[in-house]
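> Below is the sequence, then the predicted model.
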Amino acid sequence: SSGINAEWPLRPGVLLSAFLAVSSILFAVILKLSVPGFFKFLLWVIFIDFIGVGLLIAGICWYACSYLTRRINSDQTVEFGYSFDVHCNAFFPILVILHVVQPLCWHIFIDGDSRLATFLGNSLWLIGITSYIYITFLGYTALPYLKGSEKIMYLVAVLAFAFVFSVVLNANWGRHLINFYRYRIGE
């Protein structure tokens with residue numbers, strides 16, 4: 001593989017990490033974190049949420065595309081770097097929605113015990129994750145030697161069911177995430 005192929009996930013990953021660093025300030029304000037707490041949070045969102053989960057999702061997609069959905073007469077496979085690049089591209093909208101819009105709306109209409117707060121807050125998650133799934137779908141349908149990549153979109157139906165179920169149960173995903181982060185960073 002050429003040097004260009006080896007570099008493709010590097011620049012978007014660095015830019016997204018920088019944007020995560022800036023957007024984490026919003027979360028630090030919402031969580032009322034100390035300075036050490038902010039740095040713990042920042043390390044968590046960059047290395048676990050973005051890179052760790054991204055490597056896991058890219059690995060699953062790489063395996064599925066390389067071994068399960070490749071056309072029979074094709075000897076082409078998906079490079080792992082391409083899968084991580086698809087993750088980086090798909091991550092940007094979810095980053096904007098959940099790390100910028102959600103904190104800005106937190107006290108206004110998300111942090112509450114009502115079903116309306118749950119509906120509004122979980123709607124941000126639904127939009128963010130659906131955009132991630134859709135951009136991932138676009139990334140793999142661009143490869144002509146793959147078949148069945150439209151099955152990625154089935155995840156939207158699962159997500160929609162989880163959304164309705166969460167609103168019925170009044171399970172606010174944003175509040176659960178905030179509580180999880182508070183627990184993880186010890187503040």
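Noted; the coordinates are in hand. Numbering: from 1, shown residues only.
> can you map out the helices along the chain?
3-7, 10-31, 35-44, 53-63, 80-96, 102-105, 115-141, 154-168, 173-185 (DSSP state H).
> who touches the fifth one?
To tie it back to what came earlier, the one meant is helix 80-96. 5-6, 8-9, 12-13, 16, 19-20, 23, 50, 54-55, 57-59, 61-62, 65, 128-129, 131-136, 139-140 (C-beta atoms under 8 Å, 6 or more residues apart in numbering). For the C-beta atoms, the positions are set from N, CA and C on the backbone; glycine is no exception.
> closest one to residue 148 among the helices of the chain?
helix 115-141 (9.6 Å; C-beta to C-beta).
> Which helix or strand in the protein has the lowest average pLDDT?
helix 3-7 (a mean of 47; mean pLDDT, DSSP states H and E).
> which stretches of the chain have low pLDDT?
Residues of the chain meeting the criterion pLDDT under 70: 1-11, 68-74.
> measure residue 33 to residue 90 for me?
Distance of residue 33 to residue 90, computed by C-beta to C-beta, to the nearest Å: 28 Å.
> Ok, residue 112 next?
For residue 112 relative to residue 90 (C-beta to C-beta), the value is 30 Å.
> who has more neighbours, those two?
Neighbour count, other C-beta atoms under 10 Å: between residue 112 and residue 90, residue 90 has more, with 22 against 15.
> Not counting sequence-adjacent ones, nearest residue to residue 136?
Among residues not flanking residue 136 along the chain, residue 90 sits closest, at 4.7 Å (C-beta to C-beta, 6 or more residues apart in numbering).
> which residues sit in contact with residue 100?
For residue 100, counting by C-beta under 8 Å, 6+ apart, the contacting residues are 23, 26.
> picking that back up, what's the most buried one of the helices of the chain?
Greatest average neighbour count among the helices of the chain goes to helix 80-96 (a mean of 21), per mean count of other C-beta atoms under 10 Å.
> got the angle between it and helix 10-31?
Taking axes from the mean of the first three to the mean of the last three C-alpha atoms, to 10 degrees, helix 80-96 and helix 10-31 form an angle of 30 degrees between their directions.
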